[in-house]
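K.L.:
Dropping a prediction and its sequence here:
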Amino acid sequence: MDKAELKRRTQRFAIDVIKFIESLPRKRSLDVLSNQLIRCATSIGANYRSACRGKSTADFINKIIIVEEEADESIYWLELMEESELVNSIGITILKKEANELTAIFTAIGKTAREKQRLNKLEVKK
């Protein structure tokens with residue numbers, strides 16, 4: 001998956017979350033969970049775009065770690081909504097699947113970037 005496709009995918013996830021949240025009934029507890037979810041879900045794509053413009057490998061890695069954390073946090077808020085039975089779990093299932101996949105993708109990207117950084121440091125020392 002290339003950068004452009006991943007940018008589109010993270011943006012699509014944010015849009016899907018926005019539409020999902022807009023379809024929910026208004027309840028105090030659900031409003032709080034929805035606000036948290038929309039913040040982290042929209043942050044994934046924004047921070048990934050920022051990571052792609054990283055000034056250095058270290059900057060890229062730091063931003064990718066944030067993206068990974070935001071994707072994982074999205075899963076948390078979706079799970080809370082589902083387990084508290086505040087929303088229909090059918091709508092959440094697709095969003096959780098995508099959030100899990102995005103978390104796995106960004107975890108792998110971060111691990112690869114850290115390994116390349118480590119190898120580059122070893123090369124410089126030689």
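P.N.:
Sure thing, it's come through.
K.L.:
C-alpha from now on. contacts and neighbour counts both.
P.N.:
Noted.
K.L.:
which stretches of the chain aren't confidently modelled?
P.N.:
Judged by pLDDT under 70, the chain has its weakly predicted residues at 122, 124-126.
K.L.:
residue nearest the centroid of it?
P.N.:
Nearest residue to the geometric centre of the chain (C-alpha atoms, centre = their mean): residue 71, 2.5 Å.
K.L.:
any idea which element that one lies in?
P.N.:
helix 57-83 (DSSP states H and E).
K.L.:
the helices in this structure, which residues?
P.N.:
With DSSP state H as the criterion, the chain has helices at 3-22, 28-52, 57-83, 89-125.
K.L.:
my guess is the residue nearest to the centre of the chain meets residue 41, correct?
P.N.:
Yes: if you go by C-alpha atoms under 8 Å, residue 71 and residue 41 touch, sitting 6.7 Å apart.
K.L.:
Report the distance from the helix holding residue 71 to the chain centre.
P.N.:
4 Å (C-alpha atoms, centre = their mean, to the nearest Å).
K.L.:
Pull out the buried positions in that helix.
P.N.:
Taking 16 or more other C-alpha atoms under 10 Å as the neighbour-count basis, helix 57-83 is seen to contain the buried residues 60-61, 63-79, 81-82.
K.L.:
Same check on stretch 7-21?
P.N.:
Using 16+ other C-alpha under 10 Å as the test for burial, stretch 7-21 gives 7, 10-11, 13-14, 17-18, 21.
K.L.:
and what of stretch 99-109?
P.N.:
In terms of neighbour count (16+ other C-alpha under 10 Å), stretch 99-109 has its buried residues at 99, 102-103, 105-107, 109.
K.L.:
what does stretch 31-42 give?
P.N.:
Residues of stretch 31-42 classed as buried under the neighbour-count rule (16+ other C-alpha under 10 Å) are 33-34, 36-38, 40-42.
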